[in-house]
Structure formats: C-alpha cells, structure tokens
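Engineer: A structural model of the following input is requested.
(2 chains)
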Amino acid sequence: MKKLEEVLRDWEAVIGLEVHCELTKLHTKMFCGCKLEFGAEPNTHTCPVCLGMPGALPVPNRAAIENIVLAGLATNCRIEKHTMFYRKGYMYPDMAKNFQTTQGPKAFCMGGWLDLAVDGRGAEERLFWKDLAAGDAVENLTRTADGYSARVGITRIHMEEDAGKMVHIGGGEGRIAGATHSLVDYNRAGTPLIELVTEPDLRTPEEARLFMQKLRSIFLTLGISDCSMEEGSLRADGNVSLRRRGSETLGVKTELKNINSFKNLHDGLAYEICRQAEVLEEGGQIYQETRHWDPSKKCTIVMRVKETADDYRMFPDPDLAPYDLSDEFIESVRAKLPELPDQKAARYERDLGLSSYDARHIADNRFTIDFFEAACEAAGDRARELAKPLANLALNDITAYVNAGDGIDFAATAFTPTRGVQLVVLLAEDAISSKQAKEVFAAVLEEDKDPAAIVEERGMRQVSDTGAIEAVVDQVLADNPDKVQQYRDGKTGLMGFFVGQCMKVMGGQGNPKLINQLLGQKLDS
Amino acid sequence: MAAEFFTMGVRELQAGLKSKQFSAVEIADAALERIGGQDERIHAFLEVTDQAAHQAAQAVDAAIAEGKGADLGPLAGVPVAYKDNMNLEGTHTTCSSNMLADYVSPFTATCVQRTLQAGALPLGKLNMDEFAFGSSTETSAFGPTLNPWDPSRVPGGSSGGSAAAVAAGLATVTLGSDTGGSIRQPGSFCGVVAVKPTYGVVSRYGVVAFGSSLDQVGPFARSVEDAALTLNAIAGHDPLDCTSQAVATDFTANLAEGAAGMRIGIVPAFMQAEGLQPEVKAKITEAAEKLEALGAQLVEVELPNAQAAMSAYYVLGPCEAFSNLSRFDSVRYGFRDPGHKDLGSQYEASRAKGFGPEARRRIMLGSYLLSAGVYDRYYYPAQQVRTLITADYTAAFERCDCILAPTAPRTAFEFGEISDPTSMYLSDMFTISINIAGNGGMSMPVGLGAESGLPIGAQLISPAFKDQNMLRAAAALETVYGPAPIAPAFAPKAGE
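Structural biologist: Okay, here's the model as predicted:
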C-alpha cells in the first residue's frame, strides 16, 4: 500500500465526522430521574421509563437541553427555537422501547463551524497551501504565519438518548459470534447524548484529529462531559471517500466505527484512505460499508455492508410536545458560556504577549491552561515578562511529563504554579542555565522542594561573573591554538567545541550566553 | 341495607360514611360479593383486587374513626375499577392481550394513584379490546364482555368492561381510555355517563399507550355529578406526563346551572349521516328539543372537514400504535415463544403469537405508513387534516358552547354481527374527530331506542379545556332523563 503522503498527491480525501458525546456531568438521564453513573452494578440505575415498561412516559431533562444549547453556542451554531423530538425505530434489545428518542430534520443546534489551526508536521498532510501568502484563502483554508487555518462546517447538533450496553458471553472476547447468551445492562440506556455531525469539510486525518481534539477541549471547558474516549463518553465515527484531485464528484464513502482515541481516529482514517486508493487504482470498487479499525493489526475490517438505507420509520414523538426555547432561556444559557479555548488563546496573545503558536497550544489542553493561568496569576506584575518562559515550561517540560505518564493529574504534583514562577525567575535572572532548569524541574517533582532549595543543595548556581568566565575562555583558547586558527580560517562550526570546553572547565555551571558572547568577541577580534 | 350500596352515587355513599350509617369495609365487602356473584354473567372483570379494596376501605374507616371524616378524599369509600391498560402496582395489567397475560405492574398509573389518594376502593381491572383496538371487546384475548342490557350483544369498546361494570352496578365509577371513541361508544351502548375530557386534562402516565397523541383517560358513572367528581380527582398536570396540563376547574361547579342560555350546536351532516339508525336519530333530535325546552338555543354549525377524520385517524392511530407496541418484543417481559436460537425468529414468533389479529393488523398498517416514501404521502396529510379539523371546531365553538351529536350511529350490535374491520371502524364515525382535534366529548344516556329497547347515548362535545360546558348540558339532560339506570337484569328486584 502506498503511503498517505503519496496517495494524497493524486487523491483528495473527503472526511466528515459524526461525534457522540454523553452529557456525563448531568445528574439524571434524558427522559427519567435515574442517576447517571459510570461503572455501577448492572441494571441498578433503571426505572419503568428507561426500561420501556408499558405505560411509562418520557419527560425531557431541562439541564440536558441547557447543555446542548451551550454546545451549540460554543460551536457557532444557530439555536432553533422550535424543534421536536422524533422516534427512530429499530428492534434491538439494547433499546428497551425499540425506538430511540432523537431529533428530526430540525435539531436544537444547526449550521455551526469551528476553525482549526493546523501547524507543524500535521500541516504537511494537506498539500498545496504553502504557496499561499499569509492571509490568503482558498476553499476552506487560510494561510497563517505558521501553517494554515481550516474552517469546518457543523451541520447540526441534536439531542438523543443512549442505548443500553450489550454483553455477549460464551463467544470469544465478548463478541456476538459464537456467544451463547447476550446480557443487557440498561444503566446507560437513556443517558443524554448529543450527536454532532460535520460537513464533509475535512481533508486529512490530521484535520479530523484536530477537530476532535478541539471539540473535546470545548466540551471540557463547557463542563458538559468528561469526554473520555476510552470509556466511550466521547465517540467519533469517520466517513471518508476519495476523489481524484480536481474532481468535484464525491466518491463512495465508508464509515469507520469503534474509534476510541485521537490517534486511532487519525491512523484509522489514514489507513482507510490508503486502502481506498489502492482499491480504486487497481480498478476496484468501494462499497458503502461500515468498517472497524483494529489498532493492533493496524487495518480496517468490514463490519456491515449497507445495501439499502435503513428504514428507521422516523416520526415526531407524540409523547413529547414540540419543544420551544424562549429567547430568555437562550440568553440565560449564553450568559453561562465560559471563556472558550480560542478566546483564551486570543487573550494570551493580546494581554500576555505570547506568540500565536504558544497561545493556541497552551489553550489546547486543560493542564496547560490550568498551570499557565495559575502561574501568571502567581507572577503578579511580572506576568507579561514571564509569560513566554512559563509557556515554554508548560508546552515542553510539563507536556512531555504528562504525556509520558498515564493519566497524570499535573495539578496534583509537587510542581505547583508558584514553583513554576520561581523556576523561570531563576532562569530569567541567569542564576541557572536552561539545561539546569530541566534538572530542577525533574527534582522538584521528585523531592517536593522549592526550585531555589534544589539549586542551593546541588550547588547549581550558574556562574555569570564575567571576569571568571573570561579567565576560563582565555585559558581554553590558549590551550587550543590550532583550533583557534582553524576557526579563524572559516571553520566556525568549532564554536560548539570551545563552548563545550569552557563548560567542562566550569563544571557545567557557566552561563552559556556569556560564554558564547565572550568567545565570539575574542575569536572574532 | 348492604344490598343497596351498588345503587348509590358518590354523595350518598359519603354521607352514609360520614354519618356512620355504614363503613367503607362494608361497602367494599358488598361490592366484592356482588362482583363474585354477578360478574360471571357479563365478564367485565379480568382481575378482582380484594386485598387492595379492603386496605383502602380500612384506611377510610380509620380516618372516620379518628374524627377526620371532614378531610375525606372526594372518592372516599367509592368502589372504583380500572380498564386493564392502567397500571396498578402488584396487579396484572394485560391490556386483554396474551402478550401481557402474565405481566404484573411494577408501578401505578397517575390516574389510578389519584383515585386511591382520593380514597377510592379499588375493586379490580376491567376487560377491553386487545390494546384498545376495537369497538366491541371481541378482540380481548380473554373472551368478550357481555352487554348487561342484552347478553347477546356487545358492550361496545374498547372500554367495554368499564361501561358494562357501571351499567351492571358492579362499580360506582370506572375509568376507561378513549383514543377514537373507546369511552363514549361503550358508554352509549351500555347507557352510562362516559366522559372523554380534553386531551391533556388527565395524565396518561401508566396507561399503556395506543395512540399517544389521541389517548385520554376518563370516567364512567351513572350520574353526571359522579363523573365530574371523579374528574376532579384525576385531572391536572402530572410531572410524569409532559402532555398533561394544569387544570383549575371544579367540574361540578356549574352542573346545577341548567341549559338556559346555553348555545347548543347541531351538525346537520352528522344528523343526516348515512348509517345513522332512525331510532338513534330520533333520540338525539328529542334530546335537542329537550335542551331547547330548557332554555338552550340550538344553532347549526358546520364541521366541513370532519368527514376526513376517519381517514386521518386510521393513519395516525396505527402509526403511533406501531411504535408504542414495538416494546413488546419478548425480551424483558411479556409473552415469549420458547426455543428460538436467534433474536429475529424469537421476535417474529413471539409477536405473531402474542398479538391477536387486530393488533397485528394495526402494527402492520403503522409499519407500512411510516416507511420511507409512504410516510410523506400519508402521515403529513393526516397531520394537515388534523390542523383543519381543529380549526373547524374552533370556528364552530365561536357560535356555540357545546355541540350535541349522536355518540354512535347505532345501538349495541350482536356478537359476530360485524366481522369486517372497516365496518367496525364506522362505530366511531361521530367520535373520532374529537380525538383528532383534542377537545372534550362525552356520552350521556338519553333513554332507550324505540325499536330495540337498548340504551342510546347523546354525545356532547366541548371546546378544548371547557369540559365543564358539556358537563353542564349533560346535567341539564339528566334532569329530563334521570340518572343512568342499572341494566334491568342487574337492578334490585322489587321488594328486595
């Protein structure tokens, strides 16, 4: 199979996402008063309504409606004031009523969008944007200083209820094939769920990944869900088709299901794009089918072939009167909107002088936001001055530390925002080198002591005494006359050698900036 | 003394209780004994709840003994029974279907709960057409109910058991449900007061749904006042049914006002309808004249789209029924055909055997009508018809306070007389448009047919949430015709 980069030169991938998000922060289910709790004993959070007992009726959870309106407002959707719940019929034991209550052609939230900032390696997946000048736009893409920005349309966000959970036993690995029994746990049945559908505006797996990441970050900021892809409270299905570059017609799409991480979303789509290209290039045909991404085997497998469209016999739910949202309600929800990631990034740029890149990436993650904001707060008057090194700390050391661990809650570690400020102050005052700062960072986490104490204990104080450094520099130059000559003959790469020698003499505590500066003066004179 | 409890109305029972002439336990015992002796003649009851009735009676007696007689609920000591599509915790709720033959309710319907809170003595559950699909109780999987006026005839349906129980004096008040006429038509056939209030007046929570946008619960009684008192107890918003409405009306308030000054609408198209039996027409005409004689003004009103109600109903009803009945899948409860190795065949066999022919017919019809491509041609037009009929009623009620019409085109028919489903559907030709529009309707007994000697009901139709209008007109007719009699074969014998 060809590589993705190669495939995307000849083919354009057209990707759309369907995202399901359980509103896990609510206390009760969508249409009854049962408690929402992940991992409870099976069938302990059930009642006549969510078990579909005869005579039971649904009553909508107002807090869930507030949640979806929040999600809509945060993703630039139009809030529909007059909508209806619909019944979507399908017979399966995980849906006790044998219909799912969802929304019809008009959802609570319609026609929104999100802008994705794509930079770094991820931007490489999309071709033909580098020729643009910054600010120039083509299709849904605008060139930015460090990559491009892509606007992704959101068709709708609608409200629905989740199904129960089926467990098949007797077969292999909980699969239905070969199973002797199927068990149903209705604890999840009736969990309020919002489904967001994007326009087919995504063109690369990276864009799909970034979209999900951004959406997750927004939903987390709104506090409407714990957005755990592992536990399934945030799930994405990807629809992907290929068309020849320059073609306007859409190809046949496949749907990728069972995606439980951002990486799997990216890798699954990338595989599927390459697979489709291979089939098409060999003169084959793509079938509209649902495929499953197997991350261990790194391939997609057919789950279900869709020969005809399913007939869900949708019609307005007569048990639920048309749902009217008042202007007052919508405005009261709007007033509850917290500062969203894009707004945070803009503020970091404007008020703290961060680069657009740093600002965006700080705003990407909860732990970087929390650390950075608390540290800036602790820095007081010096916040603007220290913002850049604090951002570096958050994006480099802290991000690496969090990513290396499994589910680390950084806020609970010994490296408090106040200690972060102390560390960057030491750096700013040239008391320690950036290399030493990394050591201090690790030591603070390990020993739970202030950075200054660690610097003191380890005698790490950086030597910034010009006289002392000058003596060392003179010594090193005197010891290596041949190298000095080579340097002066144009082998300027030897600068590193001289710096290294000086550092060695100074036991690694010399201020590298001053060493460089003095060496330069003396060698170039 | 005890033998006469069943002839008493709500006020009479309560007066006796409060003056300690008799106890609630005595009422309950007498009622249960009467059911034990008489019900086999009509088969109105599917289950008798002796224990629950006794418990409720003891609670009423205890309250009276404690001197709290003044605080008694509006139905305290009143023997009440429920259509078997209403959940009462711990009792069977079968909907007269094999599908639910062994189903025991895990909770109580709001309307039932409210009668219990009002002090009613719950006697048991009443026969009906299977899942309320029918007009005769002939579709009950447990055998039909017989009309107390003539055991060779049907009691009407689908709430046939509820109507027959009151007509036979087996309960003072019963509850039924009406989707297209299922309270009013059996009310007419059995000669009792039968009220389908405006959609939203009574909570549907716990009543097994047929057509959710059409279903409404209402009382059967032998007097307008007893029906109104029952309505007072069960009406009003229920947080568990978001289609229920807050109702501040005292339905007994204007019963004594008489018909003088009321404008009574007459729909010429109804009175000239093909299939309207002459003896029924004669009785309705007579009722109109009586109202006029009492000082009401008769006005002709038109419902130009009402003739489309039947068509709209047989689209909307089956669509909703198809969806509502899809939960009966043999998985969690209900009938399961044993021995199947895959889900699909278990579904198919269990539903094919668990549902009777009329239920299967409506499910198939709804499944077809909601399917892709068909939906747009039927469901949408049916909803549009609904809007038109609602507008017709709104316009008509600008000119009158309530409408007088036949309840059913004929008197009770014989078992097996109507075997063609579409002819059976015509039983509801005068009642369906009211469910489609959502306003209130009731059947008021206006005597016996000159030819058949069987009861005939006049239908009174109210504007939405003005149910007191039809109750007032009905009370006026009651001053002429008297309260509904107990069917002669069940009435106290002279000298007893």
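
Engineer: can you list the buried residues in stretch A:439-447?
Structural biologist: A:439-441, A:443-445 (16 or more other C-beta atoms under 10 Å in any protein chain shown). All C-beta atoms are positioned from the backbone trio N, CA, C, and that covers glycine.

Engineer: what's the answer for stretch A:139-152, then?
Structural biologist: Going by 16+ other C-beta under 10 Å, stretch A:139-152 has these buried residues: A:140-144, A:147-148, A:150-152.

Engineer: related to what we said a few turns ago, which one among the buried residues of stretch A:439-447 gets closest to chain B?
Structural biologist: Comparing those against chain B with C-beta to the nearest C-beta places A:Leu445 closest, at 52.4 Å.

Engineer: mind checking the SS state of the closest one?
Structural biologist: Using DSSP: H, G, I helix; E, B strand; the rest coil, the three-state assignment for A:Leu445 comes out as helix.

Engineer: looking at the buried residues of stretch A:139-152, which are in helices?
Structural biologist: Assigned to helices by DSSP state H, none of the buried residues of stretch A:139-152 qualify.

Engineer: quick one: which of those is nearest A:Arg488?
Structural biologist: Nearest to A:Arg488 among the buried residues of stretch A:139-152: A:Gly147, at 41.3 Å, using C-beta to C-beta.

Engineer: ok, then the element right after the helix or strand harbouring A:Glu385?
Structural biologist: Per DSSP states H and E, A:Glu385 falls inside helix A:383-393. Heading C-terminal from helix A:383-393, the first helix or strand you meet, by DSSP H and E, is helix A:399-404.

Engineer: run through who's touching that next one.
Structural biologist: Residues external to helix A:399-404 that are found in contact with it (C-beta atoms under 8 Å, 6 or more residues apart in numbering or on different chains): A:365, A:367-368, A:408, A:410, A:441, A:445.

Engineer: just the buried subset of those, please.
Structural biologist: So, of these, A:365, A:367-368, A:410, A:441, A:445 end up buried under the neighbour-count rule (16+ other C-beta under 10 Å).

Engineer: in helices, which of the residues you listed fall?
Structural biologist: Going by DSSP H, the helices hold A:367-368, A:441, A:445 from the buried ones among the contacts of helix A:399-404.

Engineer: which two among those residues are spaced furthest apart?
Structural biologist: Farthest pair in those, by C-beta to C-beta: A:Thr368 and A:Leu445, 16.2 Å.

Engineer: before we move on, back to that, distance to B:Ala246 added to the contacts of helix A:399-404, as TSV?
Structural biologist: Shown next, in TSV, are those (distance: C-beta to C-beta, whole Å):
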residue	distance to B:Ala246
A:Asn365	49
A:Phe367	49
A:Thr368	51
A:Ile408	53
A:Phe410	52
A:Phe441	64
A:Leu445	61
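
Engineer: rebuild these as JSON lines, extending it with pLDDT and distance to B:Ala253.
Structural biologist: Below are the contacts of helix A:399-404 laid out as JSON lines (pLDDT from 0 to 100; distance: C-beta to C-beta, whole Å):
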{"residue": "A:Asn365", "pLDDT": "87", "distance to B:Ala253": "66"}
{"residue": "A:Phe367", "pLDDT": "92", "distance to B:Ala253": "66"}
{"residue": "A:Thr368", "pLDDT": "94", "distance to B:Ala253": "68"}
{"residue": "A:Ile408", "pLDDT": "86", "distance to B:Ala253": "70"}
{"residue": "A:Phe410", "pLDDT": "93", "distance to B:Ala253": "68"}
{"residue": "A:Phe441", "pLDDT": "95", "distance to B:Ala253": "80"}
{"residue": "A:Leu445", "pLDDT": "94", "distance to B:Ala253": "77"}
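
Engineer: and which of those is nearest A:Ala387?
Structural biologist: A:Thr368 (12.9 Å).

Engineer: how near is that closest one to A:Asp351?
Structural biologist: 17 Å (C-beta to C-beta, to the nearest Å).

Engineer: number of residues surrounding the residue nearest to A:Thr46 when sequence neighbours are not counted?
Structural biologist: Distance criterion C-beta to C-beta, 6 or more residues apart in numbering or on different chains; nearest residue to A:Thr46, sequence neighbours excluded, is A:Tyr186 at 4.8 Å. A:Tyr186 is flanked by 24 other residues according to other C-beta atoms under 10 Å in any protein chain shown.

Engineer: hey, where'd the strands end up in chain B?
Structural biologist: Listed in chain order, the strands of chain B (DSSP state E) span B:45-48, B:79-83, B:121-126, B:173-178, B:193-196, B:216-221, B:263-266, B:297-300, B:402-406, B:440-448, B:455-462.

Engineer: need the winner for burial among those.
Structural biologist: strand B:193-196 (a mean of 34; mean count of other C-beta atoms under 10 Å in any protein chain shown).

Engineer: now do the residue nearest the centre of chain A, the pLDDT please.
Structural biologist: Geometric centre of chain A, nearest residue: A:Gln213, 2.3 Å, by C-alpha atoms, centre = their mean. A:Gln213 is assigned 93 on the pLDDT scale.

Engineer: got a list of what it touches?
Structural biologist: Under the criterion of C-beta under 8 Å, 6+ apart, the contact list for A:Gln213 reads A:262, A:364.

Engineer: mean confidence score for the longest helix seen in chain B?
Structural biologist: Longest helix in chain B, counting residues (DSSP H): helix B:375-396. The predicted model gives helix B:375-396 an average pLDDT of 97.

Engineer: dump the C-alpha coordinates for that helix into PDB.
Structural biologist: This file holds the C-alpha atoms of helix B:375-396, laid out as PDB (Å, rounded to 0.1, in the frame of the first residue of the first chain):
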ATOM      1  CA  TYR B 375     -44.700   8.500   5.200                       C
ATOM      2  CA  ASP B 376     -44.800  11.700   3.200                       C
ATOM      3  CA  ARG B 377     -48.000  10.600   1.400                       C
ATOM      4  CA  TYR B 378     -50.000   9.700   4.500                       C
ATOM      5  CA  TYR B 379     -48.600  10.900   7.700                       C
ATOM      6  CA  TYR B 380     -48.100  14.500   6.700                       C
ATOM      7  CA  PRO B 381     -51.500  14.800   5.000                       C
ATOM      8  CA  ALA B 382     -53.100  13.200   8.100                       C
ATOM      9  CA  GLN B 383     -51.400  15.900  10.300                       C
ATOM     10  CA  GLN B 384     -52.700  18.600   7.900                       C
ATOM     11  CA  VAL B 385     -56.200  17.200   8.200                       C
ATOM     12  CA  ARG B 386     -55.800  17.300  11.900                       C
ATOM     13  CA  THR B 387     -55.000  21.000  11.800                       C
ATOM     14  CA  LEU B 388     -58.100  21.600   9.600                       C
ATOM     15  CA  ILE B 389     -60.400  19.700  11.800                       C
ATOM     16  CA  THR B 390     -59.100  21.500  14.900                       C
ATOM     17  CA  ALA B 391     -59.800  24.800  13.100                       C
ATOM     18  CA  ASP B 392     -63.300  23.600  12.200                       C
ATOM     19  CA  TYR B 393     -64.000  23.000  15.900                       C
ATOM     20  CA  THR B 394     -62.500  26.300  16.900                       C
ATOM     21  CA  ALA B 395     -64.800  28.100  14.400                       C
ATOM     22  CA  ALA B 396     -67.800  26.100  15.400                       C
END
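
Engineer: quick check: the gap between A:Phe211 and chain B.
Structural biologist: 31 Å (C-beta to the nearest C-beta, to the nearest Å).

Engineer: would that residue count as being in a helix?
Structural biologist: Yes. Under three-state DSSP, A:Phe211 sits within a helix.

Engineer: and for it, the neighbour number?
Structural biologist: What A:Phe211 shows, counting by other C-beta under 10 Å, is a neighbour count of 25.

Engineer: from what I can see it touches A:Thr204, true?
Structural biologist: No. Look at A:Phe211 against A:Thr204 with C-beta atoms under 8 Å: they stay out of range, at 10.5 Å.
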